[in-house]
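Novice: With the input below, show me the fold.
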Amino acid sequence: MNKTIHTFFILLMVAVTILVTVYLFYIGYSYYQTPIEERFYHPKHDWFKPSGAYGHGLGIIGTLMILFGVSIYIARKRYNFMSKYLRLKYLLEFHIFLCTLGPILILFHTSFKFGGIVSIAFWSMVAVVLSGVIGRFIYIQIPRTIEGRELSLSEVKNMQNDLSVEMNSKFKLNEETLAFLETFTSESTQKSSIWKLRKILRKNKIAPQERKSIIRTVKEEISLSGKIKRLETMQRLFKYWHVAHLPFALIMLIIVIIHVGITLAFGYKWIF
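Specialist: Next up, the predicted model:
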């Protein structure tokens, strides 16, 4: 899957999530804005209430989406399930999609009425979603292979070249330019010095096409240097993130199981 197709599917999943949310608000707006104590008299109460055909269905579908999204991601990540066909980084996007849309459906299943054990499950679900967003941000900061495997610090360092040697072999630069390239020691210094490099290249009458190539290569080196500096921090944060994300997910799962068990015990069986 190339970058364009990957971006298209991400935008598609975002669009689906937004459209479904807007649609659910639209068709149930009159019911959801009715005070809870008056909803019993609403003409569509039997349809939109949590135990109604529509409300109950949203809860079931939302729960199945979450369970499937979590299960297939864990199966692929920990047990290499279908590793030849499912790239981890793409599956993560699908996991996030299902575990965002699923909670939205469950939110409408509750008809925005929280109480007792359900409120604990709901706020645990909110915590899981929010921590997932944070985890996604941390995840993309960690360099990975095209398959999604996390790179070690030594692997990332091996990707870094000696900038001045590479530039000299490609473009046969003069001593002034090579000496300037060797002063690129920190990411902030490098970024602020790009314009100086452009000036030196023009001064030494480097061809425009070669100037662009040199600047592009230098920026790639800058980006890689930044990744190396952030890698250890992000890897440590990612471990701490699991400490927060997993407990909330387990609490939510346990309460959902209890909720489903109680529902079945009271005879609520949706459309079957």
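Novice: which element is the nearest residue in space to residue 202 that is not next to it in sequence on?
Specialist: Nearest residue to residue 202, sequence neighbours excluded (CB to CB, 6 or more residues apart in numbering): residue 211, at 7.3 Å. (C-beta placed from N, C-alpha, C; glycine too.) According to DSSP states H and E, residue 211 maps onto helix 208-265.
Novice: what's the neighbour count on residue 266?
Specialist: Residue 266 has 9 neighbouring residues, counting by other CB atoms under 10 Å.
Novice: distance of the most centrally placed residue in the chain from residue 238?
Specialist: Centroid check for the chain by CA atoms, centre = their mean gives residue 136 as the closest residue, at 3.6 Å. When distance is defined by CB to CB, to the nearest Å, residue 136 is 11 Å away from residue 238.
Novice: Return the residues in contact with the residue nearest to residue 202.
Specialist: With contact set as CB atoms under 8 Å, 6 or more residues apart in numbering, residue 211 has these partners: 198, 201-202.
Novice: quick check, nearest of those residues to residue 30?
Specialist: When the contacts of residue 211 are ranked by distance to residue 30 (CB to CB), residue 198 comes first, at 61.5 Å.
Novice: What is the subsequent helix or strand relative to the helix or strand harbouring residue 100?
Specialist: Per DSSP H and E, residue 100 falls inside helix 88-109. Remark: after helix 88-109, the chain's next helix or strand is helix 117-141, criterion DSSP H and E.
Novice: List the buried residues of that next one.
Specialist: By 16 or more other CB atoms under 10 Å, the buried positions in helix 117-141 come out as 118, 120-122, 124-125, 127-129, 131-132, 135, 138-139.
Novice: just the angle between that helix and helix 208-265, please?
Specialist: Here helix 117-141 runs at an angle of 160 degrees relative to helix 208-265 (axes from the mean of the first three to the mean of the last three CA atoms, to 10 degrees).
Novice: Which elements pack onto helix 117-141?
Specialist: Counting contacts by 3 or more CB pairs under 8 Å, 6 or more residues apart in numbering; DSSP states H and E, helix 117-141 is packed against helix 88-109, helix 208-265.
Novice: Tell me which of those helices is the most buried.
Specialist: helix 88-109 (a mean of 20; mean count of other CB atoms under 10 Å).
Novice: Show me what that one is packed against.
Specialist: Here helix 88-109 touches helix 3-32, helix 53-79, helix 117-141, going by 3+ CB pairs under 8 Å, 6+ apart.
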